[in-house]
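Asker: predicted model, plus sequence, below.
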Amino acid sequence: MRPLDRIAGALLLKQHGVDKIFKLEAGRLQVGNEQRFYLVRPRMTTMKFIADHINADKLGNKTRKYKIIFVPRKLYVCEMILEQEGVYGDVTFEEFHLDLIPLDRDILSLELPEFFPTYFLEGDQTWVHTVAKSLVNLQTLFGTIPNVYGQGRCAQNVMDLIKVLQENEGQGKSTVNNEIGHLILLDRDVDYVTVLASPVTYEGLLDEIFGIKSGFCEFDGEITGANKSTRLLLSHEDDIFEDIRNKHFSHVFTYLSTKAKQLQAGYDKRHTLDSINAMKSFVANDLKGLKQQHKSLAIHIGASEMIMKKKIAMDFEKQMKTEHNLLEGVDLKESYSYIEELICRQALLNIPLKLLCLLSLTQSGLPPKDFKFFKTLFLQSHGYEHLINFHKLKKLGLYVEQQSALETSSNIVDKMASLQKKSNFKIVSKKLALIPRVDDYDVRNPKDMAYVFSGAYIPFSCRLVEEVLFRNGWLGLEDITKVLPGTNFAQIKAKSVKGKAGSTTSIPQAASSRTVLVYFLGGCTFAEIAALRLLGQIKGYRFIIATTAIINGNGLIESIVEKFDNMIKLDNPSTTQTSKVT
C-alpha cells in the first residue's frame, strides 16, 4: 500500500467505505462482506492467489462480488489465468493508471522495483509501456521536451514506443511552451558500479540501514523512545532532514548539535515574554513549530546513533576501504583477502556478493583462476543451490570471467553477447576522470560529485549526464559510448540552451533550457540524486530525477538472487494489497 499512501491513505479509504484492508497472500480469506476489491499489479502469481480465494468461496457456498483493479494496466495473460482457473466470469475489471509519483519536489518514481529484474534479467518488456506512457503524460502537461538523449537498449525501446503512443494519442504542447529543456534516458546496466558502492550521505545511509519505501522510513521504539514504531515521511517539508539529507555523514552530528542548541534557545524565549499578547503570539506561531522540529530532531539523532552502531557492527570502514581500493585498482591482494574472509565467516550474502560484483566490474572480469576460486568458496560456504545466482550475475555481466583475445568460441552469438556484457570500467574511469586525485578531499564543502563516496569516485551516470549537457549530445564521447551496453541516440530540436536573443519568449526558453529531466530505467540511488543536486548547484541546472524505483546495492542484489532457506531474510518489494469494500 505504500505507493498508494502517497495518494490515498488507509484513513481516506475507510472514509469511502472500505471495511478492512489485507495484504494479498496465498491461502483462504474467508472473512469479509459481500464485496471484495483486489488492488494488484498484473502478475501471474497474483492472479493465482485471487482465483484460489474465489474458488474457496465457491466451495464454502459464499457469494460475493469481486472486482480486480489492475495497477497500472490489465494484461491479457492475467485474464487467461483467471479463465484457466474457472473464475473469469466471476470478476469485473478496472484499471488504475498510477503514473509517476512525486516523492519529493525533484524526485518522481513509478515505484516499480520489479522493473530491473524483469527487463534486464528476464528480458520481459511489459513495463516499458508504463515508462513510455509516463513520459507521454508528462509532456502533455509540461510541453514536448525538445532535446532528448538516451543510452542503452531500454532507452531506445522507450523512445520508439513514445513515438508510437504520440502518433496514436496526439502530440503534446509545442516546444515554445515547454517547461523542461532536456530529457536524458539512462539504462541501469550502463552503470552498475555506482549502485554497488556504499553511499556516505545521510539519506543514502538511511536507505541502506532502515530502508526508505515510497518516501517513508520506519523507525522502531529504540530510535523514537516510544513503545511503538514511527513511520516518518522524508521530504523537503522536514526542514531538519532537508538540511542534512545530502550532507556527508561525518558532519551530520555537528549540524544536529547546533540545531539542538537553536531549539533550546527558541524554547528559552518564553522566559523573556513580558505581556499576554507576546505569550499568545509565541504559543500560536512559535511553539507548534518548535515541537515539530524537536520531534524530528530527536528521530534524526536516534537514527544517526543507530547508523553509527550498525557501521561499527558491520565493520563498515573496512568494507568502504575495500570498495575504494577496488574503484582505484590498488591493493587488490588486500581486497581479495577481505572478500575471502567475509565469505568464510558466512556474513550476510549481499555484502560479499556486492564486493565480488564490484571486483569483477572494476577489473573487467576476473582471471579464470580467481573467478573459479571465489565461486567455489562461496558455494562451499553457503550451499550449491546458489549456482543459479551466479548464473544470473553472469547473465547481467555483474560477475564474469576474463577471456583472452585468442580464445575462440564455437557459438558466435554467445561470444558477441559476452563481449557486450564485458565491463570497461578502467577505460571509462580514465577518460572521464572518475577517480579524483586529491590527497585531502573536503567533504564538508565539496566541489565535485565524488563527495557522495567520500571523494573516492564520481558516479559515472552523473558524470555522463554532465558531459552530455556540456556537449549538447554524444559528439566527442565516442570512445566512451562504444564500450557501453546498448546504443545511444540524440534528438536535438533546440540549437541553443540560452534561447534566442531578442525573442519575446527568451525568458521561459532560458528557464526551461536549464531544467533537465534525468530518467533512470532500472532504478536510481540516493547517492546519484545527491550528486545531481550538487551538479545542479555548480552548473546552474535544475535537475528533476525520474526513475522506475529508488534502489541501493543491497536491493539490487536481493532483486536478482533466488531466496533459499539458508539465505538472509529478504524484504518483499511487492506492494500488492487486498481491499474489502462495504
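Answerer: Great, that's in hand.
Asker: got the buried residues for the lengthiest helix in the chain?
Answerer: Using DSSP state H, we find that the single longest helix of the chain is helix 288-313. Within helix 288-313, the residues that count as buried by 16 or more other C-beta atoms under 10 Å are 290, 293-294, 296-297, 299-304, 306-307, 311. The way it works is simple: take the backbone N, C-alpha and C, and place the C-beta from them, glycine included.
Asker: and stretch 521-540, by the same measure?
Answerer: Quick answer for stretch 521-540 (16+ other C-beta under 10 Å): 521-536.
Asker: break down the stretch 451-582 of the chain into its helices, ranges please.
Answerer: Secondary structure of the stretch 451-582 of the chain by DSSP state H, counting those that start in this stretch: the helices cover 460-471, 478-481, 506-513, 526-539, 553-560.
Asker: got the contact list for the fourth one?
Answerer: With C-beta atoms under 8 Å, 6 or more residues apart in numbering as the contact definition, helix 526-539 has outside contacts at 106-107, 194, 197, 199, 201, 203-204, 207, 212, 245-246, 446-449, 451-453, 458-459, 461-462, 465-466, 469, 518, 520, 541-543, 545, 550, 552.
Asker: how about the first one?
Answerer: For helix 460-471, the surrounding residues in contact (C-beta under 8 Å, 6+ apart) are 149, 151, 182, 184, 186, 190-191, 193-194, 428-429, 432, 434, 449, 474, 477, 480, 516, 518, 520, 528, 531-532, 535, 539, 541.
Asker: let's go with 7 Å and repeat that
Answerer: The contact list for helix 460-471, computed with C-beta atoms under 7 Å, 6 or more residues apart in numbering, reads 149, 182, 184, 186, 190-191, 193-194, 428, 432, 434, 449, 474, 477, 516, 518, 528, 531-532, 535.
Asker: ok, now the last one?
Answerer: Taking C-beta under 7 Å, 6+ apart as the criterion, the residues outside helix 553-560 that touch it are 113, 116-117, 121, 195-196, 198, 208, 350, 353-354, 392-393, 396, 570.
Asker: what inclination does it have with respect to helix 526-539?
Answerer: Interaxial angle of helix 553-560 relative to helix 526-539 (axes from the mean of the first three to the mean of the last three C-alpha atoms, to 10 degrees): 130 degrees.
Asker: please compute how far helix 553-560 lies from its chain's middle.
Answerer: A distance of 11 Å separates the centroid of the chain from that of helix 553-560, by C-alpha atoms, centre = their mean, to the nearest Å.
Asker: in that helix, what's buried?
Answerer: 553-560.
Asker: pull the CA atoms of that helix into PDB?
Answerer: Extracted in PDB, the C-alpha atoms of helix 553-560 (Å, rounded to 0.1, in the frame of the first residue of the first chain):
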ATOM      1  CA  GLY A 553      23.300  -2.100  -3.700                       C
ATOM      2  CA  ASN A 554      21.500  -4.400  -1.300                       C
ATOM      3  CA  GLY A 555      18.200  -4.000  -3.100                       C
ATOM      4  CA  LEU A 556      19.900  -4.700  -6.500                       C
ATOM      5  CA  ILE A 557      21.400  -8.000  -5.200                       C
ATOM      6  CA  GLU A 558      18.200  -9.000  -3.500                       C
ATOM      7  CA  SER A 559      16.200  -8.400  -6.700                       C
ATOM      8  CA  ILE A 560      18.500 -10.900  -8.500                       C
END
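Asker: what mean pLDDT does it get?
Answerer: Averaging pLDDT along helix 553-560 gives 94.
Asker: how about residue 119, secondary structure?
Answerer: Of the three states, residue 119 takes helix according to DSSP: H, G, I helix; E, B strand; the rest coil.
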